[in-house]
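Trainee: Output the structure for:
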Amino acid sequence: MRGFLLVAVLLLGACGSPAADRPSMGTRVDYQLGGAYEPADDVTGVVRDRTDSPAPGLWSSCYVNAFQTQPGESAFPEDVLLHDAAGDRVEDPDWPGEFLLDIGTPEQRQRVLDVVGPWFDGCAADGFDAVEPDNLDSWTRSEGLLDADDAVAMAQLLVDRAHDAGLTIAQKNTAELLDADLGFDLAVTEQCQEFDECDAFTDVYGADVIEVEYTDDAFAAACAARGGEIAVQRRDLDVSTPDSPDHVSRFCD
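Mentor: As a prediction, the model looks like this:
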């Protein structure tokens, strides 16, 4: 009987946890958000938009804009978008057409999850190993209408939903919340070299960090500091495909 109970406990503990037999992301993860393309032979993993497919045989993470809309997106009802006192949508000042989602109450967070959660499920069904929910830091662009506690509460819902789907889940940027113990499994950080945040991420996530840099100087410094320990890539700001004249994709030697 005790043996049966132990097996039952182990099985219950495994339910909702990410699968243990997924491939390792390694240290050459190609950040392909601008469109999927054939990875180079030495690439060990990819990050692709949820509308693309995972890379066969490689660790693959699914990008989902979970705290803002994508330009032209109509998946969210108007009253799930964040509006200011004048009734206007709150837009990301750096990314035209991306509007913040209203995560300011438990009810609104649940409504966001009702849309984003099935996207996570779809990533899992397509064969992705992980999910990267973007714009965790959207509260910093909310004109004071949202705060860090709202982001933490939403993140915890997303972590639970990802794990229920059998996915690992990445913290995207937002060094301010590294001490919040949100349950993320890995991190994706852009320009941590430039912002002097890389050590903060590796202190929490160890080698489970994907670092993307957008300038030659930051990339060189990142490779010298961490190139043999974590996944570091130099990309162009538009994370474009190889057929673009602006395409840049390099890994540390």
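
Trainee: all helices in this structure, in order from the N-terminus.
Mentor: Applying DSSP state H to the chain gives helices spanning 2-14, 106-126, 148-164, 192-195, 198-205, 216-226.

Trainee: Could you work out which of the ones you listed reaches nearest to residue 137?
Mentor: Nearest of the helices of the chain to residue 137, taken as CB to CB: helix 148-164 at 7.2 Å. To be clear about C-beta, it is placed using only N, CA and C from the backbone, and glycine gets the same treatment.

Trainee: Adding mean neighbour count, distance to residue 97 and mean pLDDT, write the helices of the chain out as TSV.
Mentor: Listed next are the helices of the chain as TSV, based on neighbours: other CB atoms under 10 Å; distance: least, CB to CB, whole Å; pLDDT from 0 to 100:
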stretch	mean neighbour count	distance to residue 97	mean pLDDT
helix 2-14	9	41	36
helix 106-126	17	17	98
helix 148-164	20	21	98
helix 192-195	20	25	97
helix 198-205	18	29	98
helix 216-226	17	27	98
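
Trainee: Identify whichever of those helices lies nearest to residue 32.
Mentor: Closest approach to residue 32 among the helices of the chain (CB to CB): helix 106-126, 14.5 Å.

Trainee: show me what contacts residue 111?
Mentor: 77, 80 (CB atoms under 8 Å, 6 or more residues apart in numbering).

Trainee: 6 Å instead?
Mentor: residue 80 (CB atoms under 6 Å, 6 or more residues apart in numbering).

Trainee: Tell me the spacing between it and residue 105.
Mentor: Going from residue 111 to residue 105 by CB to CB, to the nearest Å gives 9 Å.

Trainee: now do residue 81
Mentor: Going from residue 81 to residue 105 by CB to CB gives 14 Å.

Trainee: higher neighbour count, these two?
Mentor: A direct count of neighbours by other CB atoms under 10 Å for residue 81 and residue 105 places residue 81 higher, at 16 against 11.

Trainee: Buried ones in stretch 169-183, by neighbour count?
Mentor: For stretch 169-183, the neighbour count (16 or more other CB atoms under 10 Å) marks 169, 170, 171, 172, 173, 174, 175, 177, 178, 180, 182 as buried.

Trainee: Next, format those as TSV and append pLDDT and distance to residue 235.
Mentor: TSV is the format used below for those (pLDDT from 0 to 100; distance: CB to CB, whole Å):
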residue	pLDDT	distance to residue 235
169	98	22
170	98	16
171	98	19
172	98	15
173	98	15
174	98	19
175	97	20
177	97	24
178	97	23
180	93	27
182	95	26
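
Trainee: out of those residues, who's nearest residue 28?
Mentor: Closest to residue 28, out of all of the buried residues of stretch 169-183 and judged by CB to CB, is residue 170, at 16.7 Å.

Trainee: residues contacting that closest one?
Mentor: Neighbour list for residue 170: 132, 186, 187, 188 [criterion: CB under 6 Å, 6+ apart].

Trainee: Also residue 183?
Mentor: Contacts for residue 183 (CB under 6 Å, 6+ apart) come out as residue 159.

Trainee: Next one: the nearest residue to residue 117 once chain neighbours are set aside from residue 115, what distance?
Mentor: What sits nearest to residue 117 in space, not counting adjacent residues and going by CB to CB, 6 or more residues apart in numbering, is residue 161, at 4.7 Å. Residue 161 sits at a distance of 11 Å from residue 115 (criterion: CB to CB).
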